[in-house]
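In: My questions are about this predicted structure, shown below with the sequence.
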Amino acid sequence: STVDGLLFADIDGNEDQLDWVMAQKIPCVVVNHYIQELPVSCVAIDNRTAAQEVVNYLVKLGHREIATITGHLRTPVGIERLDGYLKAMKTKGLAVKPHYVQHGDYAGPSARAPAKGLLTHADRPTAIFAASDEMAVTTIEVALELGLRVPEELSVVGFDDSPIATFAKVPLTTVSQPLGRVGELSVEVLNDLVLGKRRQPVKKLLSTKLI
């Protein structure tokens, strides 16, 4: 083999490639995707705990009617953030009404219809956790168009701490992820595997910060 090691930026429909690389015993690290069930090294963000912290924060502000707009549920990140939301709601003894889980795909426009549906619903939530900042900013725009005051009548929390969060019409509460550290650590782990300093699997889950 001419390749010493491989970094997978994520796993999205290329599971077969990962299986083949593992079968060839080529050192590899999966980035941004925590794979519990395979003996493969991975470095990722703790999305579940982050989502739970968002719900706990909203509950501390006095909210009980908390909805979510998910990311794409074909991605592990989308599933993990939804899982964290559902787990925290259950732990806090709060009902997840059927219309409280709306689906987006991380991009801003995908949140427009879900946000409008939630905010014009007879039983509308007082807080919305959007699985990305872009969707959170769209949610705020929809709320303002409907004449709702943010944050007085609606709290919105995003995820990613992207530049868009800083320039939003209403300053956004969001989850900051140590993505730079994820990249550095992935390369360090891969290098150690290639040099034989560590053995597969090395699994790292990095924590986030609510800002």
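Out: Looks like it arrived, so ask away.

In: And the closest residue to residue 35 other than its chain neighbours, how far from residue 9?
Out: The shortest distance from residue 35 to any non-neighbouring residue, by Cβ to Cβ, 6 or more residues apart in numbering, is to residue 42 (5.3 Å). Bear in mind the C-beta positions are built from the backbone N, C-alpha and C, glycine included. The gap separating residue 42 from residue 9 is 12 Å, by Cβ to Cβ, to the nearest Å.

In: Pick out whichever of these two has more residues nearby.
Out: Neighbours of residue 42 and residue 9, each counted by other Cβ atoms under 10 Å, are more numerous for residue 42; the result is 23 against 11.

In: State the phi and psi torsions of that one.
Out: phi -150, psi 150 (degrees, to the nearest 10).

In: and what of residue 204?
Out: phi -130, psi 130.

In: which residues touch it?
Out: Neighbour list for residue 204: 42, 43, 44, 185, 189 [criterion: Cβ atoms under 8 Å, 6 or more residues apart in numbering].

In: which SS state does the third one fall under?
Out: In the three-state summary, residue 44 is assigned as strand, counting by DSSP: H, G, I helix; E, B strand; the rest coil.

In: still on that earlier bit, the residue nearest to residue 35 touches residue 18, doesn't it?
Out: No - between residue 42 and residue 18 there is no contact under Cβ atoms under 8 Å: 10.4 Å.

In: what do these two both touch?
Out: With Cβ under 8 Å, 6+ apart, residue 42 and residue 18 have common neighbours residue 30.

In: quick revisit: do you know how far the residue nearest to residue 35 is from residue 24?
Out: 18 Å.

In: Can you pull the residues that touch both of residue 42 and residue 9?
Out: Joint contacts of residue 42 and residue 9 (Cβ under 8 Å, 6+ apart) are residue 31.

In: Give the buried residues for the helix or strand of the chain with the lowest mean pLDDT.
Out: In the chain, the helix or strand scored least confidently by mean pLDDT, DSSP states H and E is helix 163-166, which has a mean of 80. Neighbour-count burial for helix 163-166, with 16 or more other Cβ atoms under 10 Å as criterion, is recorded at 164, 165.
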